[in-house]
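Visitor: fold the following, please.
(chains A and B)
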Amino acid sequence: MNLYHYIVRLADNSHILGHRLAEWCGHGPFLEQDMAMTNIALDLIGQARSLYNLAAEVQNEGKTEDDIAFLRYEYEYQNFLLVEQPNGDFANTIVRQYFFSAYQLPYYKTLYENLQNKNDHHLTELRGILEKAIKEINYHLRWSGEWMIRLGNGTEESHQRMVNAVQNLYKYTGELFIADETDDTSLQSGFGVLLPEVKKDFDKSLFYIMERSGLTIPENETMQTGGKQGVHSEYLGYILAEMQYMQRAYPNSKW
Amino acid sequence: MDIMNLEKVFQSKIDDEIKIEPKDWMPDTYRKTLIRQISQHAHSEIVGMLPEGNWITRAPSLRRKVALLAKIQDEAGHGLYLYSAAETLGISREQLLEELHTGKAKYSSIFNYPALSWADMGSVGWLVDGAAIMNQVMLCRTSYGPYSRAMVRICKEESFHHRQGFEILLTLSQGTEAQKKMAQESINRWWKPALMMFGPPDDQSSNTEMSMKWKIKRETNDELRQRFVDVAVEQVKFLNMTLPDIHWNEERGHYDFGKLDWDHFWQVVKGNGPCNKQRLDARKKAHEDGAWVREAAMAYAEKEKLSLENQSKSA
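Guide: Just a heads-up that it's a prediction; the model follows:
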């Protein structure tokens, strides 16, 4: 069961962030960036689909990707608080994306390495999903990093908006690196990821990009936690109300 | 060469099916007609993202959500090619958007109708994209080169959207009673507005004659509309559903489609449809909210350019 939870958590993060980015579709600051955000949303929801499918396989109860994606209760979603935060302005969306991608890339890369030479069929499949995702995340990190620099150095207004966004979101980065039972048992099973190692890479990327963007990392921030344990912000309930509407209103239907 | 001769050369190119290119001489009204038509088309793609965008967060399955997102992204891409095609006629994207936001430029009235159910994602694909394709296939052969080339690319994607829409309805038609009901209700609601997408009847269409002579348009509104009706009547049978007000006319050898409410059509064109204000407000808000981003990107590019210049000076 632990592998199921482990995979679902990865999926939930991609799914919920993909959902948020998809809210931009048709409302972006200009066409090219509207399309870029939709691209990233498509990547993330695509990752979530592969992972939910795999989770369903691991669980072996005859469920589909949609059963897991749409038909759980709020407390069963294990995504970080970071990814469920509202889009806010474009600066906020960029900073949220950068924080997440700067975590997701080293995490996925390490996991990919650790899954090498595993004979387990599910783990091999997971490795395949990661391989594809890593290419995508490289782009997400580059895209959001370039916008960090552009907006941090652009105009006074864009700089101020970036300062606000960092202030607003940095407090949600703490829980990305706090290990819980799922993380620990995955390590004991011999494939998990050491979060302090990921944190080092995250800090390195962040330090580099913040300096180039003329921004500073907030000090002595009290970190918010709970997402990984299913204790979410108020925002998730509304996300699920919309996301699950059709599945709840028309149960047992094919789409 | 005097104007008379230029016009003669221009018309003979058109008659010989030689494409007009951006640097060729063209009559002022030809240029204006094209800018009007291409920009209207580009705006339709962009505004058309909104009714479907309304259902992204509520799509009933992840597979459908991804397909819907990709479809709307295609529309953004079409908007981009078309704005670029319009720019070859000497107008900027900024100006084009300004005309949309002030209401000077129009977009297809169909997007002023609301998307009320998931089945609408099917109806929009099948009927709205289907009607658009009838027009667009003709435009692949339009006389202006950049427009014609953009349309070739757009048509390929549109016919994919058309099939995807039909497939959404087909799935619903094979589903539960509630799903069937949802599909039929949606088809009923979109059918006549879709028929009006072909524009007013030929005897009331002010632009048709000149556009036909210049081969910007190659078939009349009524011809296209009838062809669309005849095809749709056959397709709806696969859904075990019906189209409202359809009767076979033995004498004409075509289906009659009842009366279309042109007074209402003109009301919607004039801005009094169910969603005109909502759609335009959404576009304006996105543009205004994005102003600081565009400014910042430009300011940064400017700074980068300066620092590169300074580097090369000191080198």
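
Visitor: dump stretch B:307-315 to PDB, restricted to CA.
Guide: Included here for stretch B:307-315 are C-alpha records, laid out as PDB according to Å, rounded to 0.1, in the frame of the first residue of the first chain:
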ATOM      1  CA  SER B 307      24.300  45.700 -21.700                       C
ATOM      2  CA  LEU B 308      25.200  43.700 -24.800                       C
ATOM      3  CA  GLU B 309      26.100  46.900 -26.700                       C
ATOM      4  CA  ASN B 310      28.200  48.100 -23.800                       C
ATOM      5  CA  GLN B 311      30.000  44.800 -23.600                       C
ATOM      6  CA  SER B 312      30.800  44.900 -27.300                       C
ATOM      7  CA  LYS B 313      32.000  48.500 -27.000                       C
ATOM      8  CA  SER B 314      34.400  47.800 -24.200                       C
ATOM      9  CA  ALA B 315      35.600  44.600 -25.900                       C
END
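
Visitor: what are the boundaries of the helices in the chain?
Guide: Picked chain A for this. Defined through DSSP state H, the helices belonging to chain A, from first to last, are A:2-22, A:31-59, A:65-70, A:81-84, A:90-114, A:121-153, A:156-169, A:181-188, A:195-213, A:235-243, A:245-249.

Visitor: nope, chain B
Guide: Secondary structure of chain B (DSSP H): helices located at B:3-15, B:28-53, B:62-87, B:93-101, B:119-123, B:130-139, B:145-173, B:177-195, B:208-213, B:221-236, B:262-267, B:276-289, B:291-314.

Visitor: helices or strands up against the second one?
Guide: Here helix B:28-53 is seen to pack against helix B:62-87, helix B:93-101, helix B:208-213, helix B:276-289 when contacts are counted using 3 or more Cβ pairs under 8 Å, 6 or more residues apart in numbering or on different chains; DSSP states H and E. (Each C-beta comes from the backbone N, C-alpha and C, glycine too.)

Visitor: still on that earlier bit, where among the helices of chain A is average confidence lowest?
Guide: Sorting the helices of chain A by mean pLDDT places helix A:181-188 lowest, at a mean of 93.

Visitor: what helices or strands is that helix leaning on?
Guide: Taking 3+ Cβ pairs under 8 Å, 6+ apart as the contact definition, the neighbouring helices and strands of helix A:181-188 are helix A:2-22.

Visitor: go with 10 Å
Guide: Counting by 3 or more Cβ pairs under 10 Å, 6 or more residues apart in numbering or on different chains; DSSP states H and E, the packing neighbours recorded for helix A:181-188 are helix A:2-22, helix A:90-114.

Visitor: now the stretch 101-250 of chain B, which segments are flagged as low pLDDT?
Guide: Counting by pLDDT under 70, the stretch 101-250 of chain B contains low-confidence ranges at B:207-208.

Visitor: would you mind naming what in it lies close to chain A?
Guide: Taking Cβ under 10 Å from any Cβ of the partner chain, the part of the stretch 101-250 of chain B that reaches chain A is made up of B:117-118, B:168, B:171-172, B:174-176, B:178-179, B:182.

Visitor: which among the residues you listed count as buried?
Guide: B:117-118, B:168, B:171-172, B:175, B:179, B:182 (16 or more other Cβ atoms under 10 Å in any protein chain shown).

Visitor: follow-up on the earlier one: residue A:15: which of the residues of the stretch 101-250 of chain B next to chain A is nearest?
Guide: Sorting these by how near they are to residue A:15, with Cβ to Cβ, puts residue B:118 at the top with 19.3 Å.

Visitor: so that closest one makes contact with residue B:168?
Guide: Yes - contact criterion Cβ atoms under 10 Å: residue B:118 and residue B:168 qualify, at 7.9 Å.

Visitor: between the two, which contacts overlap?
Guide: With Cβ atoms under 10 Å, 6 or more residues apart in numbering or on different chains applied, the overlap between the contact sets of residue B:118 and residue B:168 consists of A:255, B:60, B:64, B:68, B:183, B:186.

Visitor: the closest residue to the fourth one other than its chain neighbours: what's it in contact with?
Guide: Excluding the flanking residues, the one nearest residue B:68 by Cβ to Cβ, 6 or more residues apart in numbering or on different chains is residue B:59, at 5.4 Å. In this structure, residue B:59 makes contact with A:22, A:45, A:242-243, A:245-246, A:255, B:52, B:65-69, B:118, B:121, judged by Cβ under 10 Å, 6+ apart.

Visitor: phi and psi next, for residue B:59.
Guide: Phi and psi for residue B:59, reported as degrees, to the nearest 10, are phi -50, psi 140.

Visitor: how about residue A:244?
Guide: Dihedral angles of residue A:244 (phi, psi; degrees, to the nearest 10) stand at phi -90, psi 0.

Visitor: tell me, how many residues neighbour it?
Guide: Counted with other Cβ atoms under 10 Å in any protein chain shown, residues neighbouring residue A:244 total 18.

Visitor: let me know whether it touches residue A:67 as I believe.
Guide: No - taking contacts as Cβ under 10 Å, residue A:244 lies outside contact range of residue A:67: 11.4 Å.

Visitor: ok, which of the helices of chain B comes nearest residue A:81?
Guide: Ranked by Cβ to Cβ, the member of the helices of chain B that lies closest to residue A:81 is helix B:62-87, at 22.5 Å.

Visitor: can you give me the mean pLDDT across the closest one?
Guide: Mean predicted lDDT for helix B:62-87 stands at 97.

Visitor: most tightly surrounded among the helices and strands packed on helix A:181-188?
Guide: Burial of those is given as mean neighbour count (mean count of other Cβ atoms under 10 Å in any protein chain shown); helix A:2-22 ranks first at a mean of 24.

Visitor: report the angle between that one and helix A:235-243.
Guide: Inter-element angle recorded for helix A:2-22 and helix A:235-243: 80 degrees (by axes from the mean of the first three to the mean of the last three Cα atoms, to 10 degrees).

Visitor: could you export helix A:2-22 as CSV, CA atoms only?
Guide: Below are the C-alpha coordinates for helix A:2-22, written out as CSV (Å, rounded to 0.1, in the frame of the first residue of the first chain):
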residue,chain,number,x,y,z
ASN,A,2,2.9,2.3,0.6
LEU,A,3,3.9,2.3,-3.1
TYR,A,4,0.3,3.3,-3.9
HIS,A,5,0.4,6.3,-1.5
TYR,A,6,3.9,7.2,-2.7
ILE,A,7,2.8,7.3,-6.4
VAL,A,8,-0.5,9.1,-5.7
ARG,A,9,1.3,11.9,-3.9
LEU,A,10,3.5,12.5,-6.9
ALA,A,11,0.4,12.4,-9.1
ASP,A,12,-1.6,14.8,-6.8
ASN,A,13,1.1,17.4,-7.0
SER,A,14,1.2,17.4,-10.8
HIS,A,15,-2.5,17.2,-11.0
ILE,A,16,-3.4,20.1,-8.8
LEU,A,17,-0.7,22.4,-10.2
GLY,A,18,-1.8,21.4,-13.7
HIS,A,19,-5.4,22.3,-12.7
ARG,A,20,-4.3,25.7,-11.4
LEU,A,21,-2.3,26.5,-14.6
ALA,A,22,-5.2,25.4,-16.7
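
Visitor: distance from the chain centre to that helix, please.
Guide: Centroid separation for helix A:2-22 versus its chain: 7 Å, with Cα atoms, centre = their mean, to the nearest Å.
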